[in-house]
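Q: take a look and give me a structure for this.
(3 chains)
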Amino acid sequence: MSLDIKDQYDKIHKYCYFKTKNCQLAEDLTQETFLKYFSQTSYIDRGKPLAYLYTIAKNLCIDTLKKPKIEALGEDTTTTDELTSIEISFVVRQAMDTLPKDLAEIVMLRVINELSMAEVCSITQLSRFVVYRKLKAALKQLKLILREEDLLE
Amino acid sequence: MNRIKKVLKKAYDIPLSKEKEAFLQRLNFPKSSYKDFFIYQISYIQKRVWILSTALIGLILMLLHFENITGDALKIIWITSSVLPFIALVAITEISRSMSHNMAEIEMSCRYNLADLMLARISILAAFNFILSNILILGIQGKTAYSPIRISLYIFVPFLLTCLASLIVLNYIKIKETTYICGGISCFISGINALIIGSNQIAYTDKFVGFWVIIFIALMVGIIVEIIDFIRKLEELHWNLQLTA
Amino acid sequence: MELTIDRLTKQYQNKIAVDRVTLTLTNGVYGLLGANGAGKTTLMRMLCGILKPTSGEVKFDGIDVASENYRDVLGYLPQDFGYYPKFTAFEFLCYIATLKGLPKERAKEKSKEFLELVSLSDVAQKKIKTFSGGMKQRLGIAQAMLNNPKILILDEPTAGLDPKERVRFRNLISQLGEERIVLLSTHIVSDIENIARTILVLKNGQLIHNGSLEQIIQVIENKVWQCTVDRKMANELSKEYPIINLRQEVDGIFLRLISSENPCKDAVRVTATLEDLYLYYFSEVNKDE
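A: This next block holds a predicted model:
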């Protein structure tokens, strides 16, 4: 494991939450990811451990979402003028959801979880160039949406 | 750009349940394989082992270079075979480190115990010394009338003898101060070797080559036997028995 | 989780160091009490698999003591341990962690974590040779804990600790003992009186007591007496009864002794302590030394 495990736990949790939109489910999946990861000794300390960790998480999330009905958190939109930070976060997450899946995924990995370019490429199976281009496009779109929402000056 | 990144990161800062700590505590981490363990141990060989051994080989090569001894086979053998026992000494001190620094007991109680550790250490040092030997032979090659194999025979017998004698000491004398005994042995063999060359050059004539080969092989066999014995004995504590209260 | 010790015996040429010890240990702290030479270290070394028993066996949940899997769940602090001279505390722990089979990054993480636990974080990068006895001892406990062992064996862990460190150590051990088997040996009664759930008393290689403090004290319950008498009387009493304590006072000689009934008219009965029991068993041995 190349990084602090506690830190990775948080990041995988974020990633699973991004995928499933359910906090508790995300945590379950995170734990399952680690259990699976550690049952495969040969990957540890070698190769691309982080990429492998995300790949497991990704597959678990996909499998789970395929199963009939996991409810996303019923998040309510608010009507107050002053947006609290929780609400900002909510709007940002909604904005992320409007992005094409592949773009949002890259933002998740590269921006939010701060993975290296090489790791992102390895997880998404895309070339460095494509990842770079998609990331740029994604951020541009996000900025547009959020500006409309008055979240960015 | 930075603002949007900040907002994005914050958006996914979701609270975690209390399960995290407990889960991570329980998590059974896979252990490293012996191969990984072996690689880690390379970094735990003391730096002075690499430096001293290389320096000694360097010293030999330098002496050979400046002494202008081309053709004088005996002098080459004299110089190299007097220095080599000290390279053996360096390796032996590294091997006996666990005992001389009283770490053996902890090391024995670990997953990869003292026997595993020693196997790794001995293999690493043997490989290193093998590489150094080859460099040395390359350096000597062509400087004498003797073939590289014959030269090796002459120069490595004192080296192997030091190894063997030191291993026997480690195997049969269970005190912390074995390093000093091994040091004495190295000096003794180095000195005796010089004396023999000085007085009895006949030993290096064609007539005795077979004799050297036999000694060489006997020493190799002896070393292997002693190493096996050494590692086998590490399964159980033999040191500081004064503490068996 | 069960550590079973079955008729464990170690015999040296002419001396039996450990004599048919049979025991089953489960979660919690066990205190092994015995005089020097009672066989504590020999017993512990056999439990760690670094000394082969003459006969008998040690198993943890069916895993034999000589196997790699057993060592995987074992943490051991020897009575006396050294370190390679150049090691800092952090390097020392990382090194032991690699022996315990932790991958390198994990080794660093855990080393940090346990330096924290034993409050050595601020001297992590200092050479061990600059450490005090107590610091070294804490480092020893940290190394034993690196693999999160299920069996933790500590041989005289409180040796060289000052009173403040003793308190801290006791707290640490109670904490560690919650979810593992902790066996610690000592010849200092007060070290285990408060933290050991079960006390084991070893004498001449034999396990003579195994039970809670209350249980084992019963042997001498109501049998401890104190009196102050003149020299002649003191001599007589010490011939007849085991003496726990004897000291010269202004008005005579103060005696604390074991007797089933009142030894003399001035004697008063006092509450028995573990210390009394210990001295009762080991006073002879102590005289020999």
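
Q: count of neighbours near C:Q137?
A: Taking other C-beta atoms under 10 Å in any protein chain shown as the neighbour definition, C:Q137 ends up with a count of 23. Backbone N, C-alpha and C define where each C-beta goes, glycine included.

Q: got the contact list for it?
A: With contacts defined as C-beta atoms under 8 Å, 6 or more residues apart in numbering or on different chains, C:Q137 is in contact with C:157-161, C:165, C:169.

Q: equivalent analysis for A:S89, please.
A: Under the criterion of C-beta under 8 Å, 6+ apart, the contact list for A:S89 reads B:10-13.

Q: if we use 6 Å, what do you get?
A: When the contact criterion is C-beta atoms under 6 Å, 6 or more residues apart in numbering or on different chains, the partners of A:S89 are B:10-11.

Q: and it, what element?
A: helix A:85-98 (DSSP states H and E).

Q: name the residues of that helix that come out as buried.
A: Within helix A:85-98, the residues scored as buried using 16 or more other C-beta atoms under 10 Å in any protein chain shown are A:87-93, A:95-96.

Q: name the next helix or strand downstream of it, please.
A: Remark: after helix A:85-98, the chain's next helix or strand is helix A:101-106, criterion DSSP H and E.

Q: after that next one, which helix or strand is next?
A: Scanning forward in sequence from helix A:101-106, with DSSP H and E defining helices and strands, the next element found is helix A:117-124.

Q: give the buried residues for the next helix or strand after that following helix.
A: Using DSSP H and E, the helix or strand that directly follows helix A:117-124 along the chain is helix A:128-148. Applying a neighbour-count criterion of 16+ other C-beta under 10 Å, the buried positions in helix A:128-148 are A:131-132, A:134-135, A:138-139, A:141-143, A:145-146.

Q: make JSON lines out of the buried residues of helix A:85-98 and add pLDDT.
A: As requested, the buried residues of helix A:85-98 are arranged in JSON lines below (pLDDT from 0 to 100):
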{"residue": "A:E87", "pLDDT": "78"}
{"residue": "A:I88", "pLDDT": "79"}
{"residue": "A:S89", "pLDDT": "81"}
{"residue": "A:F90", "pLDDT": "83"}
{"residue": "A:V91", "pLDDT": "83"}
{"residue": "A:V92", "pLDDT": "85"}
{"residue": "A:R93", "pLDDT": "86"}
{"residue": "A:A95", "pLDDT": "86"}
{"residue": "A:M96", "pLDDT": "87"}
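
Q: let me know the average pLDDT across stretch C:7-26.
A: Mean pLDDT, taken over the full extent of stretch C:7-26, equals 91.

Q: let me fix that, I meant to ask about stretch B:172-192.
A: The predicted model gives stretch B:172-192 an average pLDDT of 88.

Q: what's the answer for stretch C:60-80, then?
A: Model confidence over stretch C:60-80 averages 92 on the pLDDT scale.

Q: what sits up against that stretch?
A: Among residues not part of stretch C:60-80, those counted as contacts by C-beta under 6 Å, 6+ apart are B:105, B:109, B:111, C:3, C:41, C:48-49, C:58, C:140-141, C:144-145, C:149-157.

Q: list the buried residues in that stretch.
A: Burial within stretch C:60-80, assessed by neighbour count using 16+ other C-beta under 10 Å, is assigned to C:60, C:63, C:65, C:68, C:70-79.

Q: first-to-last residue distance for that stretch?
A: With C-alpha to C-alpha, to the nearest Å as the measure, the first residue of stretch C:60-80 is 25 Å from its last.

Q: how is chain C divided into domains?
A: Split into domains by automatic domain parsing, chain C comes to C:3-217, C:222-271.

Q: if we can go back for a sec, quick check: which of the contacts of C:Q137 has the minimum pLDDT.
A: C:G160 (74).

Q: what's the neighbour count on the closest residue to it other than its chain neighbours?
A: Residue nearest to C:G160 in three dimensions, not counting chain neighbours: C:G133, with 3.3 Å by C-beta to C-beta, 6 or more residues apart in numbering or on different chains. Neighbouring residues of C:G133 were enumerated by other C-beta under 10 Å; the total is 12.

Q: cool, A:Y37 as well?
A: 23.

Q: pretty sure it sits against A:Y54.
A: No: the pair formed by A:Y37 and A:Y54 falls short of the contact definition of C-beta atoms under 6 Å, at 10.0 Å.

Q: export the buried residues of helix A:85-98 to JSON lines and append columns for distance to B:V209.
A: Formatted as JSON lines, the buried residues of helix A:85-98 follow (distance: C-beta to C-beta, whole Å):
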{"residue": "A:E87", "distance to B:V209": "92"}
{"residue": "A:I88", "distance to B:V209": "88"}
{"residue": "A:S89", "distance to B:V209": "85"}
{"residue": "A:F90", "distance to B:V209": "89"}
{"residue": "A:V91", "distance to B:V209": "89"}
{"residue": "A:V92", "distance to B:V209": "84"}
{"residue": "A:R93", "distance to B:V209": "84"}
{"residue": "A:A95", "distance to B:V209": "86"}
{"residue": "A:M96", "distance to B:V209": "81"}
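
Q: what's the nearest residue to residue 51 if we skip its chain neighbours?
A: No chain specified, so I'll use chain A. Counting by C-beta to C-beta, 6+ apart, A:S122 is the residue found nearest to A:A51 once chain neighbours are left out, at 3.9 Å.

Q: the chain in question should be chain C.
A: Excluding the flanking residues, the one nearest C:L51 by C-beta to C-beta, 6+ apart is C:R45, at 3.9 Å.

Q: that neighbour sits in which helix or strand?
A: Element membership for C:R45 (DSSP H and E) is helix C:40-47.

Q: kindly format the C-alpha coordinates of the least confident helix or strand in chain A by mean pLDDT as CSV.
A: Comparing helices and strands within chain A by mean pLDDT, DSSP states H and E singles out helix A:85-98 as the least confident, with a mean of 83. Presented in CSV, the C-alpha positions along helix A:85-98 are these (Å, rounded to 0.1, in the frame of the first residue of the first chain):
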residue,chain,number,x,y,z
SER,A,85,-22.0,25.1,2.5
ILE,A,86,-24.0,21.9,2.7
GLU,A,87,-26.3,23.2,0.1
ILE,A,88,-23.4,24.3,-2.1
SER,A,89,-22.0,20.9,-1.8
PHE,A,90,-25.3,19.4,-2.8
VAL,A,91,-25.5,21.6,-5.9
VAL,A,92,-22.0,20.7,-6.9
ARG,A,93,-22.8,17.1,-6.6
GLN,A,94,-25.8,17.6,-8.7
ALA,A,95,-23.7,19.4,-11.3
MET,A,96,-21.3,16.4,-11.3
ASP,A,97,-24.3,14.1,-12.0
THR,A,98,-25.2,16.1,-15.1
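
Q: what angle do that helix and helix A:128-148 make?
A: An angle of 130 degrees separates the directions of helix A:85-98 and helix A:128-148 when computed by axes from the mean of the first three to the mean of the last three C-alpha atoms, to 10 degrees.
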